[in-house]
Structure formats: structure tokens, C-alpha cells
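Colleague: curious how this folds, go ahead:
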Amino acid sequence: MRSRPLLVLAFTALLAACEGTGQVIRPRETPVSGDPHAADPALARFAPWSSTLPGYRIGEGDKVKISFPLTPEMSQEALVRPDGAVSLRAAGDVVIAGLSPPEASALVAAKSAARLRSPEVVVEVVDPASAKVYVGGEVRIPGAYPITGPIGAVSALQLASGSTDTARISEVILLRRSPDGRAMLKVVDVHALLEGRLADDPRIVPGDILFVPKTRIAELGLWVEQFINRVVPFQRSFSYTVDNQRGG
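Modeller: I've put the predicted structure just below:
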């Protein structure tokens, strides 16, 4: 996984485009081919939005079950430590945070090959303690909130005790990691959802970020510095790349 600054590059581009002009945030979803805004250098940093829900990625604090079908005496349950690793009888310390269960299975199998012949491994998450949504900006209690089942953007904002009086909930920014590890951006009209004018409340998945803006782009940059840079880097399962290269 990449350790470069997470979403800062993308937001820096947004700041450079608008800061000092007095413009309000007018974010659009990442353009697709043929969109007249496709040349926008800020939005070009985001991958096209996909409605396909991403698979779960293991995070710190998760409880996992590692099964060795051919050598069941090596099977065990383990907690993912703050450094992202688990300690296994068959493989020693293995960093699995940020990986999907199939990716973790392949990695543990490779690490176990020094002790076991042609090992088969199945990694399952039995307690997804790291499954959280990050809510910030103009909400009453910003922070990282556990999610244990399907919720939408409206419910996610309620976890943060709702928006403040200065919030512009008609343009709530939803950020998500794409299947190839890049950042995707979607704008959610929560105001229309609350009024019943819009029915498509996007499902929130672990690792999502919801940002509720004020009126000026500087507020977005400030939140990135105070919230994302200080909280998200400690979550290996929440690692984004914002260029056109493949990440993960």
C-alpha cells in the first residue's frame, strides 16, 4: 500500500483552483468520458464514481479467523494489532491490515510456505471492529463512527448528531476508495433526501468519508488538515491514492 499523503493532493488541487477567489464549493461528481468538465484538473484526480460497493478491507482491531484446512492444528483466531499485523503460529507476524480477506489469505499462505508444504489458507473477519465512517465539516460531533449494518448518508450524518446551522447539506461530499485504490468523489443532496425530493440515499460502506461544507473552499482544506491528516493515516485500511496510477 502507498504511504504518500492520502487525499491531500486532490484537495490541494481544489484549493489552488478556488482559494482566494471567494467562490463557493461547487463540486461535481468525477467526470466521465464526454463530460465537458472532464478537463478540470482538480476533478481529474478522482476516479470515476462506481455504484459497485467495494469489498471489506481488514483494519486494526478486527478479529480474524485464519483457517488451514490441510493442517487444522495451525488454525487460530487473532486480533489485528495497531501496526496492522497478526501473530500466527504458521507464519509469524504478517501485516494484513488494508487487505481484503482473499488478499490476506494469499499473503498468509505465502508466508506460511516456509514451514508448511503447499498451505491452503482462508482468512475470515469475525468481528469487523474497524468498520467506520468518517464524518466531518459542519456537523455537531465530527469523528469516526462504527457502522454495523447498511446505512445511508442521512443516517451517517445522524451519527454525528446532525449538521450545524451553517451547513450546506445540499452539497455533501462523499469520498470512497475505488476498487483499484484511488479516491472517488460523489456529491449528495441530503437536503433533497430529507424533503423527499430525492430517493437515492447512497449506501455508506466502511472507510467512507462524508464532508459537510460551509460556503468557501478554504473550509474543505482546513478540515483535511485537522481531521483527515490527523486521524486517517493511522487507519491502514483507509489508504487512498489520488493520481492516475494503480494503488491499493
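
Colleague: the protein: helices as residue ranges?
Modeller: Defined through DSSP state H, the helices belonging to the chain, from first to last, are 8-18, 101-112, 153-159, 190-195, 217-223, 229-231.

Colleague: and the ones you listed, which one averages the lowest pLDDT?
Modeller: Set side by side, the helices of the chain show their lowest mean pLDDT on helix 8-18, which sits at a mean of 37.

Colleague: how many residues are close by the closest residue to Ser75 other than its chain neighbours?
Modeller: Nearest residue to Ser75, sequence neighbours excluded (C-beta to C-beta, 6 or more residues apart in numbering): Ser67, at 4.7 Å. Where you see a C-beta, it was placed from the backbone N, CA and C, and this is true even at glycine. The tally of other residues near Ser67 (other C-beta atoms under 10 Å) stands at 17.

Colleague: could you check how far Ser67 is from Val125?
Modeller: Look at Ser67 and Val125: by C-beta to C-beta, to the nearest Å, they are 12 Å apart.

Colleague: domain map for the protein?
Modeller: Domains of the chain are assigned by automatic domain parsing as 8-52+131-234, 63-127.

Colleague: and those, which one is worst for confidence?
Modeller: When the domains of the chain are compared by mean pLDDT, domain 8-52+131-234 comes last with a mean of 72.

Colleague: so who does the residue nearest to Arg140 when sequence neighbours are not counted touch?
Modeller: Once its chain neighbours are removed from consideration, Arg140 has its nearest residue in Ser161; the separation is 3.9 Å (C-beta to C-beta, 6+ apart). When the contact criterion is C-beta atoms under 8 Å, 6 or more residues apart in numbering, the partners of Ser161 are 139-141.

Colleague: and the residues you listed, which of them are buried?
Modeller: When those are checked for burial by 16 or more other C-beta atoms under 10 Å, the buried set is Val139.

Colleague: rebuild the contacts of Ser161 as a markdown table, extending it with distance to Ala113.
Modeller: Rendered in a markdown table, the data for the contacts of Ser161 read as follows (distance: C-beta to C-beta, whole Å):
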| residue | distance to Ala113 |
| --- | --- |
| Val139 | 48 |
| Arg140 | 51 |
| Ile141 | 47 |
